[in-house]
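Trainee: Next come a sequence and a model predicted from it.
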Amino acid sequence: MADPDIDYYFDPVCPFAWMTSKWVRMVADQRGYTVRWRFISLRMLNAHVDYEAQFPPGYEAGHTSGLRLLRVAARAREEHGEAAVGPLYEAIGREVFDSERAATLDPAERGTRAFVEPLLVQVGLPASLAGALEDPGRDAELRAETDHALSLTGKDVGTPIIHFRPPEGTAFFGPVISRLPGEEDAGPLWDHVVGLAEFPGFAELKRSLRERPQLRSFGVTQDEAGREEDWHGGSRRLKH
């Protein structure tokens, strides 16, 4: 494909990447944007971290599930083209974060055949692609894409990473949102983001205080705001 309007780097188990992706899809529909969905692995970003000491329970299993799902997405891209990635990510994200069972879905369960095979079929892909869950031979590709994303922003970031007008444009971590804007607000809010991204001297806007995202997986409905928490280091780490 020709160079897209944005490259969007995601890990399928990151709730904030999922929230921002829903906003990006709204804007893409409204403005005719093209989005290339690319991979970044939280498990690889945290390969040096002692999960038991630094994260709440479930994070290592969750990030490992994300890596396993990215293996499937990478195989889907290889065998069915880049156009297969966006719908697969959307199906996974809806099930992980917005489905009726999202709040009780075990982190490790997300990296299983029982979880991903029905989603592959749902988006018109062969269930056999789930065999990549167990294929560490895919990890070199995922590590290279993760490293490329970090080369665009620096290493002190998380997910998502958005690269505006690749390959020459600027890339940033985020924007991180906890509430999804309405249809009328989505475009104008995005314009502010693009305006900052296009200024060569802009580097960062950041705060670690965040509302829990408006997702069923966090027990927050679309008509309420989640409680505010300190997500220092991009997650609810137990230690700095």
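Mentor: Now that the structure is in, tell me what you want to look at.
Trainee: Would you mark the buried spots in the host helix or strand of Glu78?
Mentor: Glu78 is part of helix 59-80, with elements assigned from DSSP states H and E. In terms of neighbour count (16 or more other CB atoms under 10 Å), helix 59-80 has its buried residues at 59-77, 80. (C-beta placed from N, C-alpha, C; glycine too.)
Trainee: Checking Arg179 next. Helix, strand or coil?
Mentor: For Arg179, the secondary-structure state derived from DSSP: H, G, I helix; E, B strand; the rest coil is coil.
Trainee: Tell me which residues touch the nearest residue to it once chain neighbours are set aside, please.
Mentor: Nearest-residue entry for Arg179: Gln214, 5.3 Å, with adjacent residues in sequence omitted and distances by CB to CB, 6 or more residues apart in numbering. Contacts were defined as CB atoms under 8 Å, 6 or more residues apart in numbering; by that measure Gln214 touches 19, 178-180, 220-222, 224-226.
Trainee: Which secondary structure state does Gln214 sit in?
Mentor: Taking three-state DSSP as the rule, one finds Gln214 in the coil state.
Trainee: Give me the pLDDT for it.
Mentor: Here the pLDDT value assigned to Gln214 is 85.
Trainee: returning to what we had before: could you give me the ChimeraX selection string for whichever of the contacts of Gln214 are buried?
Mentor: Of the contacts of Gln214, the buried ones go into a single ChimeraX selection, burial set by 16+ other CB under 10 Å:
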select :19,178,180,220,226
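Trainee: What is the nearest of the contacts of Gln214 to Arg143?
Mentor: In terms of CB to CB, no member of the contacts of Gln214 lies closer to Arg143 than Met19, at 25.5 Å.
Trainee: In contact with that closest one, which residues?
Mentor: With contacts defined as CB under 8 Å, 6+ apart, Met19 is in contact with 176-178, 180, 213-215.
Trainee: re earlier: now do the helix holding Glu78: everything it contacts.
Mentor: By CB under 8 Å, 6+ apart, the list of residues contacting helix 59-80 reads 11-14, 39, 41-44, 46, 51-52, 84-85, 88-89, 92, 106-111, 116, 120, 125, 129-135, 138-139, 141-142, 235.
Trainee: which strands and helices sit next to the helix or strand just after it?
Mentor: Secondary structure here is assigned by DSSP H and E; on that basis, the next helix or strand after helix 59-80 toward the C-terminus is helix 85-93. Using 3 or more CB pairs under 8 Å, 6 or more residues apart in numbering; DSSP states H and E as the contact criterion, the secondary-structure elements in contact with helix 85-93 are helix 15-31, strand 35-39, helix 59-80, helix 113-122.
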